[in-house]
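Make a model of this:
(one chain, ligands or ions: 1)
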Amino acid sequence: MSVRVVARIRPLLEKEHGKDVIVRADRVEEGKPLTIVKIPSPKNESEEFSFAFNGVYEQSTTQEELFTAEVAPHLKALFQGLDVTIFAYGVTGTGKTHTMRGGLKLAERGVIPRLLSNVFRRGKKIAKDTNGETTVQVALSYYEIYNDKVFDLLEPPENRTPSGLPLREKDGKTVVVGLSERSCEDLKDFEKLYIEANNNRVTASTKLNAHSSRSHAILRVKVTQTAGDIVRESTASAIDLAGSEDNRRTDNGKERLIESAAINKSLFVLSQCIDAISRGDKRIPYRESKMTRILSLGQNNGITIMILNLAPMRSYHLDTLSSLNVSSRAKRIEVREIENEIVFKQPPRTNSSGSTNIQRQPLRPLANAHNIHSGAVVAAKTSDKPVKAFSVFTDKASKAVAPTRAAIPVAITTQLRRSSSNKRPSDPSEQIPRPSKLARPTYTSLVRPIASQLATQPVAQPATQQLSIFAEQIEAMVEKKVAEILASRAAEAAPARAEPAHESNAPSETQISDEVRRRLDALERRIDNDTHDGRSEGLRFLLQARQAKERGDDEAALRFYELALPSFPGQAKLLAKIERLRAKIAAKKGGDESPAPEWREDNRKVEKKRERMYKVRDDAEDEDGTEADVDDETFVDKPSRIKASRKQKASGKRGALSDMDEGSASPRTKQLLDIVNSRNLALIRGLHGFGAKKAQDLVDHLALKGDEEFVGVTSLSQLSMLPGMGSRTVERAYEGLTV
Ligand SMILES: Nc1ncnc2c1ncn2[C@@H]1O[C@H](COP(=O)(O)OP(=O)(O)OP(=O)(O)O)[C@@H](O)[C@H]1O
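Numbers count the residues shown, from 1 in each chain. Predicted coordinates for the structure are as follows:
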């Protein structure tokens, strides 16, 4: 089945009454359901573009109608073991959150509460119909992707680590490591959890939406049906994507602008993925943003429903065209529907009642299952369909041919019809001419003028090559534009910020926490840069344990230390920590009101540790043998990698960089620094040894520096000291440059 894409046009809000409405729903012919969205051409009002969808919902559509038509029919499949994904896509302020979450009143409740209500009802019915032989358990996880970092919404914000939770591929699915999961008994349970969790979500008021979501929110509802020792598990995912926005219209301040850049970038990657799939490319750029990795459009086995939210007014004209363009292509993604395997319970399953369930229960292979559909089986059964996990309906002739620009779905006016030889026969809705001329989905409207400029330039290269250059150019230009805007805003704000110097020499609270955060960030980046083996995962747990201890949350700290143990088996120091924490927690639970001597000792240690952290020494060494920050690393590698690299830095390595800096007039040094200071993502990514992440981190870091009196990176040594850099990286970049 292809991804089902439906469009929902929201009504005018009170303040919008009297505005010019330009988007309307239509049907292929009288008596048929609404499947077309019509919108005038921005260049010529008398021309109208038509976009075909699997369903179109008018302004008057209620929450219940949408749910009943689009989501309810898939509940049966969910209980049959299929995963179901529903996501809302669209420009900011078009009604995504309204559609997914909705209001508190019964009639206004959105897809998510209705989905849960139906899941509980169906679960109860199954238990009743089987006289309790089959039990149905529901567990939730809920997280957001904010500035391309994953944060658990079921945990309080103060538990967040600066770089968020890591992702990992497991059994062909992307999982968030360290995500908590809560079991949910009934709708009341869910509502309490959901409302609380939504308070943790990052939202803010922007000029275009008073309650704009600044993150992508992903709710996963795991349904586990157990009958004797047979367990069937499936997941419904409901995703409320943040909206793309035109920063010329938002008047966004710096923070909103950075968020906006992250949102627009991830949505741009999503549109690139959709394009790549619909072109039949081998390489789909999922990995370029966390959101697309998680969404894995077209790669998830199961049912996917994309709801495109639209605002009907003229003020959204170009944004609406852009999202119509992307979504109408998404319709062509084909997904295999494969049930999750049934699992035979061997040792009794420990189900997810705890607050931390690190990863999905692995599905064990089942030799004698009669109702497993493996990909191959399904493909064999449907021999006329491609074996790939996703594919695009294309004309035979175009299959072997490299896609050209003309092969990409294009918009044409209703007056123009395809010639019969050009028709796409496989999809009836394709009888509706597809729109063209429009700029391809753009990263943000910041780029639109650039994009249209590029789009109208004569095409000299082969079309495929030109498309990729086009995307890269857009990306590079947007990065540059965002950096420029940030820089100019920072420059404007600078005089206003100039304040009298602090009278005391003591660092302020914010300075301190910034410094601590920077160090934690640096450690986390190192973890991120490590390969995703057990060791880096272990390190991450150690980091989380340490942060939990800092907060005084010993139980969480213990949990994380225990989770780290498999990565560092038999480590005496780690075991000792775990023992100490267990004893401490047991003593606490024993109702001992006055702190035990051990407690007091620990508190003193925590105090000491805080003092040390606040001093923000570079050499975070453990002087007195008590638990210090780097303790956790010292039992990871002996001798500590950090110590070794510091020594290196202090001696030879730093010397090498200083040598390169010596001739700061040296063209190569200058060239490298120029590239860095350009903050141009594409250029920085081109440096030897810089991957996408490292380049992005550097650009982000430099953007944040806009706050300070920062003139740019002036030496290679300085560059090597920036978070995530290091002397080796800088040397490699330097050596890789040809002047
Ligand atoms: N179908 C609808 N009926 C009534 N009001 C709606 C509808 N859709 C959206 N709205 C209203 O429009 C406003 C914007 O909607 P919403 O916050 O859901 O947009 P959004 O797409 O999630 O925006 P963002 O991406 O900025 O988070 C809200 O006040 C919401 O209540």
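
Now that we're looking at the residue of the stretch 51-200 of the chain found nearest the ligand, what pLDDT does it have?
The ligand sits closest to Gly95 of the stretch 51-200 of the chain, with a gap of 2.7 Å, by C-beta to the nearest ligand atom. Heads up, the C-betas are built off the backbone N, CA and C, glycines and all. On pLDDT, Gly95 comes in at 94.

Please list all residues in contact with it.
Residues near Gly95 by C-beta atoms under 8 Å, 6 or more residues apart in numbering: Arg8, Arg10, Asn309, Ala311.

again, 7 Å this time
Gly95 makes contact with Arg8, Arg10, Asn309, according to C-beta atoms under 7 Å, 6 or more residues apart in numbering.

and Val138, what pLDDT?
96.

and the gap between it and Ile305?
When distance is defined by C-beta to C-beta, to the nearest Å, Val138 is 20 Å away from Ile305.

just Leu565 next, same as before
41 Å.

what are the phi and psi angles of the residue of the stretch 51-200 of the chain closest to the ligand?
The phi and psi values for Gly95, taken as degrees, to the nearest 10, are phi 110, psi 20.

Give the buried residues for the helix or strand encompassing Asp189.
Using DSSP states H and E, Asp189 maps to helix 187-199. Buried residues in helix 187-199, counted by 16 or more other C-beta atoms under 10 Å: Leu187, Asp189, Phe190, Glu191, Leu193, Tyr194, Ala197, Asn198.

follow-up on the earlier one: compare neighbour counts for Leu565 and Ile305 and give me the winner.
Ile305 (21 against 17; other C-beta atoms under 10 Å).

what are the bridge partners for the more buried one, then?
Arg4, Ile86 (DSSP bridges).

Spit out the contact partners of it.
Counting by C-beta under 7 Å, 6+ apart, the residues that Ile305 touches are Arg4, Val6, Glu70, Ile86.

try 10 Å
Ile305 sits next to 3-6, 54-55, 70-71, 73-74, 84-88, 111, 238 when contact means C-beta atoms under 10 Å, 6 or more residues apart in numbering.

and the stretch 51-200 of the chain, which of its residues are near the ligand?
Gly90, Thr92, Gly93, Thr94, Gly95, Lys96, Thr97, His98 (C-beta under 6 Å from any ligand atom).

now do 8 Å
Taking C-beta under 8 Å from any ligand atom as the contact definition, the stretch 51-200 of the chain meets the ligand at 59, 61, 63, 88, 90-101, 103, 108.

so can I have CSV of the buried residues of helix 187-199 showing pLDDT and distance to Thr729?
As requested, these are arranged in CSV below (pLDDT from 0 to 100; distance: C-beta to C-beta, whole Å):
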residue, pLDDT, distance to Thr729
Leu187, 92, 51
Asp189, 91, 48
Phe190, 94, 46
Glu191, 91, 48
Leu193, 91, 43
Tyr194, 91, 43
Ala197, 89, 38
Asn198, 86, 40
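
and which of the residues you listed is nearest Leu574?
For these, the residue nearest Leu574 by C-beta to C-beta is Ala197; the value is 31.8 Å.

In this structure the closest one contacts Leu219, no?
Yes - checked against C-beta atoms under 10 Å, the pair Ala197 and Leu219 is within contact range at 8.5 Å.

which residue ranges form the strands in the stretch 151-300 of the chain?
Per DSSP state E, counting those that start in this stretch, the stretch 151-300 of the chain carries strands over the ranges 167-170, 173-176, 182-184, 203-204, 212-213, 216-227, 230-240.

Same check on the stretch 1-150 of the chain?
4-9, 24-27, 34-40, 48-52, 55-57, 84-90, 134-146, 149-152.

near the ligand, which residues of the stretch 251-400 of the chain?
So far as C-beta under 8 Å from any ligand atom goes, the stretch 251-400 of the chain lies against the ligand at Asn309.

in the stretch 251-400 of the chain, which segments are predicted with low confidence?
Applying pLDDT under 70 to the stretch 251-400 of the chain flags residues 251-260, 298-301, 331-400.

if you set the cut-off to 50 instead, what comes out?
In the predicted model of the stretch 251-400 of the chain, residues 347-400 satisfy pLDDT under 50.

What distance do you get for the residue in it positioned nearest to the ligand to Ser323?
Using C-beta to the nearest ligand atom, the single residue of the stretch 251-400 of the chain nearest to the ligand is Asn309, 5.5 Å away. Distance of Asn309 to Ser323, computed by C-beta to C-beta: 8 Å.

Repeat that for Phe87.
Using C-beta to C-beta, Phe87 is found at 13 Å from Ser323.

Then Ala197?
Distance, Ala197 to Ser323, using C-beta to C-beta: 27 Å.

Also Pro11?
Taking C-beta to C-beta, one finds Pro11 at 18 Å from Ser323.

what's the answer for Leu297, then?
Going from Leu297 to Ser323 by C-beta to C-beta gives 15 Å.

for Ile145, same thing?
With C-beta to C-beta as the criterion, Ile145 and Ser323 are 19 Å apart.

now do Leu575
54 Å.

The two: which is more packed in?
Counted by other C-beta under 10 Å, Leu575 and Ser323 do not tie: Ser323 has more neighbours, with 25 against 15.

any idea whether the more buried one is helix, strand or coil?
Using DSSP: H, G, I helix; E, B strand; the rest coil, the structure places Ser323 in helix.

Make 623 the first number, not 1, from now on.
With 623 as the first residue, the last one maps to Ser945.
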